[in-house]
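Trainee: predicted model and sequence below, questions to follow.
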Amino acid sequence: MPRKEPKTLRVACFADGRRKIIAFKRSAYWWSASEGAYPLSAALETIKEQGGWIETIPNPNYRPKGLLG
């Protein structure tokens, strides 16, 4: 059974142009290469400390089911 893609993605944006997708698996988690996954609430503080913000963007992989799908 194919994995259902969400309609939108949450992305952490930074002033220097970096963007990072925040993954959802039952809850929201942020992935850090050095620290692994940790809850979004803790990540929000880290993102804001780095001068970043959260944006919601349309998911380019989302495909609505058609009449025959």
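Mentor: Ah, there it is.

Trainee: how far away is G51 from I57?
Mentor: 19 Å (C-beta to C-beta, to the nearest Å). For glycine as for every other residue, the C-beta is placed from the backbone atoms N, C-alpha and C.

Trainee: partners of R19 in the sheet?
Mentor: In this structure, R19 bridges to C13 when assessed by DSSP bridges.

Trainee: tally of neighbours for it?
Mentor: Counted with other C-beta atoms under 10 Å, residues neighbouring R19 total 11.

Trainee: what of the one 3 residues further on?
Mentor: Counted with other C-beta under 10 Å, residues neighbouring I22 total 18.

Trainee: any weak-confidence spans in the chain?
Mentor: Counting by pLDDT under 70, the chain shows low-confidence ranges at 1-3, 23-40, 66-69.

Trainee: ranges for the strands of it?
Mentor: 8-13, 19-25, 27-32, 36-39, 53-58 (DSSP state E).

Trainee: tell me the angle the first one makes with strand 53-58.
Mentor: Angular relation of strand 8-13 and strand 53-58 on a 0 to 180 degree scale: 150 degrees, by axes from the mean of the first three to the mean of the last three C-alpha atoms, to 10 degrees.

Trainee: what's across from I57 in the sheet?
Mentor: Residues in beta-bridge contact with I57 (DSSP bridges): L9.

Trainee: can you pull the contacts of it?
Mentor: Contact partners of I57, counting by C-beta atoms under 8 Å, 6 or more residues apart in numbering, are 8-9, 11.

Trainee: equivalent analysis for W53, please.
Mentor: Here W53 is in contact with 12-13, 47 (criterion: C-beta under 8 Å, 6+ apart).

Trainee: what's around A43, how many residues?
Mentor: 22.

Trainee: so it versus V11, what's the distance?
Mentor: Following C-beta to C-beta, the distance that separates A43 from V11 is 12 Å.

Trainee: intersection of neighbour lists for those two?
Mentor: I22.

Trainee: by neighbours, which of the contacts of I57 wins?
Mentor: Going by other C-beta under 10 Å, L9 tops these with 18 neighbours.

Trainee: can you give me every residue that contacts that one?
Mentor: 21-22, 56-59.
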